[in-house]
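Asker: How does the following fold in three dimensions:
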Amino acid sequence: MCDIIELIEEFCTINNLKYYNDYSGRGMFGRQCCGIICNGNMLEVMLRLTDFLYENGIDNLKDVLGTPCWDNMGLDIIIYFPSLSSI
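Answerer: Next up is the predicted model:
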């Protein structure tokens, strides 16, 4: 699972997106996971992320990413992956 987290962090670096490795979303009760701050369209970011992961050899995206969640952060939105613990 560490490889997928590293790929998500690399995706954020390449696309100039802010990456969180310690986000605790609603209902996570203190557990932490990785997340991406979306500067624009959340759906566009998810589509680009899935393309990037597929291009890097990740075939079973649904199994690997689990169910993504999102929270509003004022003007931005964070997409986070509760099944991908970053710790």
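Asker: Tell me the spacing between the spatially most central residue of the chain and Gly57.
Answerer: In the chain, the residue lying closest to the centroid (Cα atoms, centre = their mean) is Gly35, at 4.2 Å. Separation of Gly35 from Gly57 (Cβ to Cβ, to the nearest Å) stands at 23 Å. C-betas here are computed from N, CA, C, even on glycine.
Asker: Where does the residue nearest to the centre of the chain sit: helix, strand or coil?
Answerer: Assigned state for Gly35: strand (three-state reduction, DSSP: H, G, I helix; E, B strand; the rest coil).
Asker: got the buried residues for stretch 4-22?
Answerer: Buried residues in stretch 4-22, counted by 16 or more other Cβ atoms under 10 Å: 4-5, 7-9, 11-12, 17, 19-20.
Asker: End to end on that stretch, go ahead and measure it.
Answerer: 15 Å (Cα to Cα, to the nearest Å).
Asker: mind saving the C-alpha coords of the longest strand belonging to the chain as PDB?
Answerer: Counting residues, the longest strand found in the chain (DSSP state E) is strand 76-85. What follows is strand 76-85, C-alpha atoms only, in PDB (Å, rounded to 0.1, in the frame of the first residue of the first chain):
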ATOM      1  CA  ASP A  76     -11.300  24.200  -1.700                       C
ATOM      2  CA  ILE A  77     -12.300  20.600  -1.500                       C
ATOM      3  CA  ILE A  78     -10.100  17.700  -0.200                       C
ATOM      4  CA  ILE A  79     -10.500  14.200  -1.700                       C
ATOM      5  CA  TYR A  80      -9.300  11.600   0.800                       C
ATOM      6  CA  PHE A  81      -8.900   7.900   0.800                       C
ATOM      7  CA  PRO A  82      -9.800   6.400   4.200                       C
ATOM      8  CA  SER A  83      -8.600   2.900   3.200                       C
ATOM      9  CA  LEU A  84      -5.100   4.300   2.500                       C
ATOM     10  CA  SER A  85      -3.600   4.800   5.800                       C
END
